[in-house]
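A.B. asks: Show me the folded form of this:
(2 chains)
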Amino acid sequence: MVQLLFYGFSLLLVLAALGVIVTRNPVHSALCLVLAFFTSAALWLLIEAEFLAIVLVLVYVGAVMVLFLFVVMMLDINVEQLREGFTRYAWAGWLVAFLVIAQIVGVYWFKGLGVDATVGAAPLPANYSNTRALGEVLYTQYVYPFELAAMLLLVAIVAAIALTMRRRPGLKAQDVAKQVAVRREDRVRMIKMPAERRDADRAGGEGAP
Amino acid sequence: MDLIERNALALWATLPSYLRSTFWILVVTVALILSVAFTTLWERKVIGWIQLRKGPNRVGSIFGLLPGIFQPFADVIKLLVKEVVVPTRANKVLFRIAPMVTLVPAFAIWAVMPLDPSLVIADVDAGLLYVLSLTSVGVYGVILAGWASNSKYAFLGSMRSAAQIVAYEIAMGFALVGVVMAAGTLNLGDIVRAQAGGVGHWFLIWLFPLFVVYLIAGVAETNRAPFDVAEGESEIVAGFHVEYSGIAFALFFLAEYANMILISALTAVFFLGGWLSPFEGLLAADNPLAKPGFHWLFVKLFFFLTCFMWYRATFPRYRYDQIMRLGWKVLIPVTLVWIAVEALMVHFGVGPWSTP
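C.D. replies: Coordinates of the predicted model:
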C-alpha cells in the first residue's frame, strides 16, 4: 500500500517537475511548481517526517509561491525572446542532469560510499513526535547556529526595507494619527450672524434665484 | 447498555480504521455543508433584525414556525440550474479549478479539529502547523480565479486579497505562537486540554491581546466585512468572482462561509477551551452542565459566527491602505509585545499553565 502511494506520488512529482520546464505559460509553470512541492510534502509524510512536510507546504506553497505567482502574473513576459538561444546552453543542462542521475544511481549501487539507500528508515515508535524531537535539538544543541540564522534573516528584512524606503518629495501621504486626533475646532468655524426675515427676502423680487 | 447497543459497538470496533475514519469524514463533511447552508440563512436573518427587517420569510415553514427555513435549499437549486458562463479568452482549466482550490482547504482543516474529548478524525501532533499551512493554501483559489477570468476587476480583487491575506497571516501566526507557548504543544486536542480547570484557565484571559489580534486577522483572512476589499462592490463590482455564475459562484460562497465557521471553531479551540464547559470548577463535577462535550464547542462557535454577521452589519469597509497599516503596523507589534510579556509570565510562573 505504502509502495503504491510512493510510486503514485513519485510519478506525479516527476510529471509536475517536467511541467515546470515545458509549459509555455509562466503561470502554469508556477502552478506546476506548487504541485511539485505538494507531492514532495506527501512523499515526506510517507517517511514519517511530518514536520518537514507541513513546513514545506507552509513556507513554500503558502508564502513563497504566492509571491512568485503574484510577480509572474503582473509581468508581461515575451516567451519567444526568452527562449532565444535556449539550445545553445543545452549541453550544460544535459551535463547537470547526467551528474544528478549519476549521483542517485551511485548512492543506490555502491554501498562502499557509506550510505546504504536500500534499507529504509527504522520505523519509529507510535508516540514519537518528530516536531518535538526537532525542537529539542534545535533549541539546545544548535541554539547558536539557530540564533545566527535568525539574525541573518532579520538583517535581510531590514536591508530589504531600507533599500525600498526612501523619502519621495511631493508624496501625498496621510498621517493617520493626526487624522484621529483632529478636534472640532480645527475643522468647523462657528459664525454668529443675525437671523433674517423671510418675507423681507420675498419682497425683493419674485422669481429671483 | 443493552444488547443491541453493545453488539453495534463491538461491530464498530471490528471495522478497519480507514472505514471508521471515512465514516467520520462523511459525517463531518455533510454536517459542515448543511451548517454552511443554514449559516447563509442565519446571516440574512441576523442582518435583517439588525436593520429592523424580517429577513427571508417566504420559503417554507414547519407548521407555521420558522418561516423561511427552506430558503437555503431554494438558493442552492436556483444556483445549480443556472448556466456556468465561461468568459471567452478566459483560461478554461484554471477558471474551473479555482473554486475547488478555494473550497478544499476550508474542509480539509476539519480533519484535525477536536470536536469532542474523544473525537478527532486525525490526531496529528503538528496539528496547529497543519491548520496554518492549509489556511495559507486557500489564497490560491482567489488568485487563480482573478487571473483566469481575464477581467480587470477580478484581477484587481485577487491582487488586493493576496496582499491582505499575506499580511494578516503573519499576525495570525504570531498570535498562535502565543497559544503554543502557553499550551506547550502543537496538538489541537492537547491545546484544549491545557485550558482545563475552569474559565480562569482559558487562554482568552491570559492572552487577551492575542485573542483580539487573532479574531481581527480571522475576519481579514476570510475576506469578510469590514475587510472585504477583495469584493468591494462599490469599487470593483464583485472582485475576484465577478465572472463566475451558477454553481461555480456557489462554491466560492460555500468556501467563504465554511471558512467563517472554521475560524469561529478555531478561535473557540485556541482561546475558549473548545469543548470544555465554562461551568467547570464552579458546579459539582457530576452536574451535567459541568461536563465537557461537543455542545460547548458548538455554543462558542455559534457565538463567534454571529459576531461575524454583527461586524458586517455594523462596520463600514476599510480603505485598502488602512487595512495594510492595521495589519503591519498595529497587529504585528501588539503580538510581538505580548509574546515577550508572555515569555516573562512563563518564566516567573504567573498564569495557570504549567511551566514546561
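A.B. asks: how does chain A divide up, domain by domain?
C.D. replies: A:1-88, A:92-121, A:127-166 (automatic domain parsing).
A.B. asks: quick one, what contacts residue B:252?
C.D. replies: B:99, B:102, B:141, B:145, B:241, B:244 (C-beta atoms under 8 Å, 6 or more residues apart in numbering or on different chains). Any C-beta I mention is one placed from the backbone N, CA and C, and that applies to glycine too.
A.B. asks: how far away is it from chain A?
C.D. replies: Distance of residue B:252 to chain A, given as C-beta to the nearest C-beta, to the nearest Å: 18 Å.
A.B. asks: Following the chain past the host helix or strand of that residue, name the next helix or strand.
C.D. replies: Using DSSP states H and E, residue B:252 sits within helix B:246-271. Of the helices and strands lying after helix B:246-271 in sequence (DSSP H and E), the nearest is helix B:294-314.
A.B. asks: quick one: that next one to helix B:246-271, angle?
C.D. replies: Relative orientation of helix B:294-314 versus helix B:246-271 (axes from the mean of the first three to the mean of the last three C-alpha atoms, to 10 degrees): 120 degrees.
A.B. asks: Report how many residues lie close to residue B:43.
C.D. replies: For residue B:43, the neighbour count with other C-beta atoms under 10 Å in any protein chain shown is 19.
A.B. asks: Next, the contact list for the closest residue to it other than its chain neighbours, please.
C.D. replies: Leaving aside its sequence neighbours, residue B:43 sits nearest to residue B:309 (C-beta to C-beta, 6 or more residues apart in numbering or on different chains; 4.8 Å). By C-beta under 8 Å, 6+ apart, the residues touching residue B:309 are B:42-43, B:46-47.
A.B. asks: Which entries within the residues you listed meet the buried criterion?
C.D. replies: By neighbour count, with 16 or more other C-beta atoms under 10 Å in any protein chain shown, these hold B:42-43, B:46-47 as buried.
A.B. asks: Those residues of chain A touching chain B, which are they?
C.D. replies: A:27, A:31, A:34, A:50-51, A:54-55, A:57-58, A:61-63, A:66-67, A:69-70, A:73, A:129-132, A:174, A:176 (C-beta under 8 Å from any C-beta of the partner chain).
A.B. asks: For chain B, which residue gets nearest to chain A?
C.D. replies: Residue nearest to chain A within chain B: residue B:136 (2.8 Å; C-beta to the nearest C-beta).
A.B. asks: quick one on the thing from earlier: inside helices: which ones of the contacts of residue B:309?
C.D. replies: Judged by DSSP state H, the contacts of residue B:309 include B:42-43, B:46-47 as members of helices.
A.B. asks: who are the neighbours in contact with the residue of chain A found nearest chain B?
C.D. replies: Nearest to chain B in chain A, going by C-beta to the nearest C-beta, is residue A:62, at a distance of 2.8 Å. Residue A:62 makes contact with B:132-133, B:136-137, B:139, B:169, according to C-beta under 8 Å, 6+ apart.
A.B. asks: of the contacts of residue B:252, closest to residue A:41?
C.D. replies: Distance to residue A:41, by C-beta to C-beta, is smallest for residue B:141 among the contacts of residue B:252, at 18.6 Å.
A.B. asks: the helices in chain A, which residues?
C.D. replies: A:2-22, A:26-46, A:50-56, A:65-74, A:79-83, A:90-109, A:130-140, A:143-164, A:176-180, A:184-187, A:198-204.
A.B. asks: if you compare those, which one is most tucked away?
C.D. replies: helix A:50-56 (a mean of 21; mean count of other C-beta atoms under 10 Å in any protein chain shown).
A.B. asks: can you pick the most crowded of the contacts of residue B:252?
C.D. replies: That'd be residue B:145 among these, by other C-beta under 10 Å, with 30 neighbours.
A.B. asks: Doesn't that one belong to a strand?
C.D. replies: No: read with DSSP: H, G, I helix; E, B strand; the rest coil, residue B:145 is helix and lies in no strand.
A.B. asks: Is the nearest residue to it once chain neighbours are set aside in a helix, a strand, or coil?
C.D. replies: In this structure, residue B:145 finds its nearest non-sequential neighbour in residue B:98, 3.9 Å apart by C-beta to C-beta, 6+ apart. Under three-state DSSP, the three-state class of residue B:98 is helix.
A.B. asks: Show the contacting residues for residue B:98.
C.D. replies: Here residue B:98 is in contact with B:141-142, B:144-145, B:148 (C-beta under 8 Å, 6+ apart).
A.B. asks: If we use 7 Å, what do you get?
C.D. replies: Contacts for residue B:98 (C-beta atoms under 7 Å, 6 or more residues apart in numbering or on different chains) come out as B:141, B:144-145, B:148.
A.B. asks: Then residue B:289?
C.D. replies: Applying C-beta under 7 Å, 6+ apart, the residues near residue B:289 are B:277, B:279, B:283.
A.B. asks: Could I get the domains of chain A in TSV, plus columns for mean pLDDT?
C.D. replies: What follows is the domains of chain A, written out as TSV (pLDDT from 0 to 100):
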stretch	mean pLDDT
domain A:1-88	84
domain A:92-121	77
domain A:127-166	87
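A.B. asks: As TSV, these with distance to residue B:326 would be great.
C.D. replies: Converted to TSV, the domains of chain A look like this (distance: least, C-beta to C-beta, whole Å):
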stretch	distance to residue B:326
domain A:1-88	20
domain A:92-121	46
domain A:127-166	18
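A.B. asks: Which of these sits closest to residue B:314?
C.D. replies: Nearest to residue B:314 among the domains of chain A is domain A:1-88; the distance by C-beta to C-beta comes to 30.8 Å.
A.B. asks: gap between that closest one and the chain center?
C.D. replies: Distance of domain A:1-88 from its chain centroid, counting by C-alpha atoms, centre = their mean, to the nearest Å, is 13 Å.
A.B. asks: count of neighbours near residue B:142?
C.D. replies: Burial of residue B:142 is recorded as 28 neighbouring residues (other C-beta under 10 Å).
A.B. asks: Pull the contacting residues for the nearest residue to it once chain neighbours are set aside.
C.D. replies: Leaving aside its chain neighbours, residue B:142 sits nearest to residue B:161 (4.7 Å; criterion: C-beta to C-beta, 6+ apart). When contacts are counted by C-beta under 7 Å, 6+ apart, residue B:161 touches B:142, B:223, B:230, B:240.
A.B. asks: So the third one sits against residue B:241, correct?
C.D. replies: When you say that, I think you mean residue B:230. No: Residue B:230 is beyond contact range of residue B:241, at 9.1 Å (criterion: C-beta atoms under 7 Å).
A.B. asks: any common contacting residues for the two?
C.D. replies: If you check residue B:230 and residue B:241 against C-beta under 7 Å, 6+ apart, no residue is contacted by both.
A.B. asks: I'd assumed residue B:351 was in a strand, is it?
C.D. replies: No: using three-state DSSP, the assignment for residue B:351 is coil, not a strand.
A.B. asks: where does chain B dip in pLDDT?
C.D. replies: B:1-2, B:64, B:232, B:234, B:352-356 (pLDDT under 70).
A.B. asks: Quickly note the distance from residue A:15 to residue A:35.
C.D. replies: 9 Å (C-beta to C-beta, to the nearest Å).
A.B. asks: name the element residue B:317 belongs to?
C.D. replies: Following DSSP H and E, there is no helix or strand that holds residue B:317.
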